[in-house]
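Enquirer: My questions concern the predicted model and sequence given below.
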Amino acid sequence: KQEVTQIPAALSVPEGENLVLNCSFTDSAIYNLQWFRQDPGKGLTSLLLIQSSQREQTSGRLNASLDKSSGRSTLYIAASQPGDSATYLCAVVNTGFQKLVFGTGTRLLVSP
Amino acid sequence: GAGVSQSPSNKVTEKGKDVELRCDPISGHTALYWYRQSLGQGLEFLIYFQGNSAPDKSGLPSDRFSAERTGGSVSTLTIQRTQQEDSAVYLCASSLELGSNQPQHFGDGTRLSIL
């Protein structure tokens, strides 16, 4: 059974810092990995999707990497801003399946 | 529409009542998914649709839960004889098609509270 873990559970940083969020998964037979952000009382916003054959994806100040063999992904946020404050979730789709299996999330607070 | 639309946004009902939750996916998306987010369990998969058929219902927690999709578009999740443990946020997502490495896009959810 796929299990997805995110570390740290919570992170507080001052504005302007670069930061890394970690995601690990137990079964490396994944089809893709997706990073989301969730604002309080809202649904999930898709940030980046990395296919199993890819090593990284970039969008603006966000960069996500994938090391499938070691079961790890990282989300790098450059020059953090207060508007980045949210819960960040990673999720994987296992090969042969369609559903997302979610991690436990990292709650990020960026202070002005 | 521009995004996935869910209704109602909030629902409060008494234990034992039936509830219906609605999801309107992004236009042109053939795959539709239901998830549940609760404090104790995190985000968990319930069911997905390809067109009007549901190949994987493995996440439905009991036979009180059912879902259907008509016309390859709108989906309804029904919970019969609601229990307090059904209280959660029910999230719907859609994607262009299955197996295409396309991201799943989520609605804002329905917050269900069972009194």
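Expert: Good, I have the coordinates.
Enquirer: Chain B contacts on chain A?
Expert: A:31-32, A:34, A:36, A:41-46, A:49, A:51, A:89, A:91, A:97-102, A:104-105 (C-beta under 8 Å from any C-beta of the partner chain). From N, CA and C alone the C-beta is placed, and that goes for glycine too.
Enquirer: Turn the buried ones among these into a named ChimeraX selection, would you?
Expert: To isolate the buried subset of those in ChimeraX, counting by 16 or more other C-beta atoms under 10 Å in any protein chain shown, use the following:
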select /A:32,34,36,43,44,46,49,89,91,97,98,99,100,101,102,104,105
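Enquirer: what's the span of stretch A:71-87, first residue to last?
Expert: Taking C-alpha to C-alpha, to the nearest Å, stretch A:71-87 runs 21 Å from one end to the other.
Enquirer: Which residues does it contact?
Expert: Residues outside stretch A:71-87 that contact it (C-beta atoms under 8 Å, 6 or more residues apart in numbering or on different chains): A:13, A:15-28, A:33, A:35, A:37-39, A:47-48, A:50, A:61-67, A:88, A:90, A:105-112.
Enquirer: If we use 7 Å, what do you get?
Expert: Here stretch A:71-87 makes contact (C-beta atoms under 7 Å, 6 or more residues apart in numbering or on different chains) with A:13, A:15-26, A:28, A:33, A:35, A:37-39, A:50, A:61-66, A:88, A:90, A:105-110, A:112.
Enquirer: buried subset of those?
Expert: A:13, A:19, A:21, A:23-25, A:28, A:33, A:35, A:37-38, A:50, A:62-66, A:88, A:90, A:105-106, A:108, A:110.
Enquirer: Would you list the phi and psi of the most centrally placed residue in chain B?
Expert: By C-alpha atoms, centre = their mean, chain B has its centre lying nearest to residue B:34, at 3.3 Å. The phi/psi pair for residue B:34 (degrees, to the nearest 10) reads phi -120, psi 140.
Enquirer: repeat for residue B:86
Expert: Residue B:86 adopts backbone torsions of phi -80, psi -10, taken as degrees, to the nearest 10.
Enquirer: show me the contacts for it.
Expert: Residue B:86 touches B:79, B:112, B:114, counting by C-beta under 7 Å, 6+ apart.
Enquirer: Against residue B:109, how distant is it?
Expert: 14 Å (C-beta to C-beta, to the nearest Å).
Enquirer: hey, where'd the strands end up in chain B?
Expert: Chain-ordered strands for chain B, with DSSP state E as the definition, fall at B:5-7, B:10-13, B:19-24, B:31-38, B:42-50, B:53-56, B:65-69, B:75-79, B:88-95, B:105-106, B:110-114.
Enquirer: I'm done for today, thanks for sticking with me.
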